[in-house]
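S.K.: Sequence below, structure please.
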Amino acid sequence: MIPNMLIFLMPFFALLLKILNWRWKDFYYIDHFIFSLHYHAFGFFLLILLSPLQQFFNVGLIFVLAAIVYLFLAQRRVFRRSRLRTAGKTFFLFIFYSLLLTMGLAVVIIIEIISMPG
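M.R.: Predicted coordinates:
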């Protein structure tokens, strides 16, 4: 159910990117959506790589730090902005998307509770 939620939230991630980069007329929504696909593919790949290590220690912090660093580097490469501007956009994007993920997770939990038998 969680991977479905992440796939459902990809267009919203792209919309957040579009809003944060609204002055750039060279990039359309579809460009931001493709960026979103690449970022989420990296996230899924990272989860696959870190899942065997989960038995030995908590990999949540590693995942979050790697996701933030990758998001910063990818935005810097694609949008070619200064480090400071890219860091600010990465911060806001990560915060807003974390809020969306939290709301999505709450919806998934509610759906799972409602669909429980008995």
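S.K.: and after the lowest-mean-pLDDT helix or strand in the chain, which helix or strand comes next?
M.R.: In the chain, no helix or strand scores lower on mean pLDDT, DSSP states H and E than helix 2-20, which sits at a mean of 89. Per DSSP states H and E, the first helix or strand lying C-terminal to helix 2-20 is helix 29-50.
S.K.: Any stretches of this structure with poor pLDDT?
M.R.: Regions of the chain meeting the criterion pLDDT under 70 cover residues 24, 118.
S.K.: redo that, cut-off 80
M.R.: The model of the chain has pLDDT under 80 over residues 1-3, 23-25, 118.
S.K.: Tell me where the longest helix sits in it.
M.R.: The longest helix of the chain (DSSP state H) is helix 83-114.
S.K.: Check which residues of that one are buried.
M.R.: Buried positions in helix 83-114, judged by neighbour count with 16 or more other C-beta atoms under 10 Å: 86, 89-90, 93-94, 97, 101, 104. Backbone N, C-alpha and C define where each C-beta goes, glycine included.
S.K.: And the residues you listed, which is closest to residue 48?
M.R.: Ranked by distance to residue 48 (C-beta to C-beta), the buried residues of helix 83-114 are led by residue 101 at 18.6 Å.
S.K.: Any figure for the gap between that closest one and residue 53?
M.R.: Noted for residue 101: a distance of 22 Å to residue 53, by C-beta to C-beta, to the nearest Å.
S.K.: Likewise for residue 75?
M.R.: Residue 75 sits 27 Å away from residue 53, going by C-beta to C-beta.
S.K.: one step back: got the buried residues for the least confident helix or strand of the chain?
M.R.: So helix 2-20, judged by 16+ other C-beta under 10 Å, has buried residues 5, 9, 13-14, 16-18, 20.
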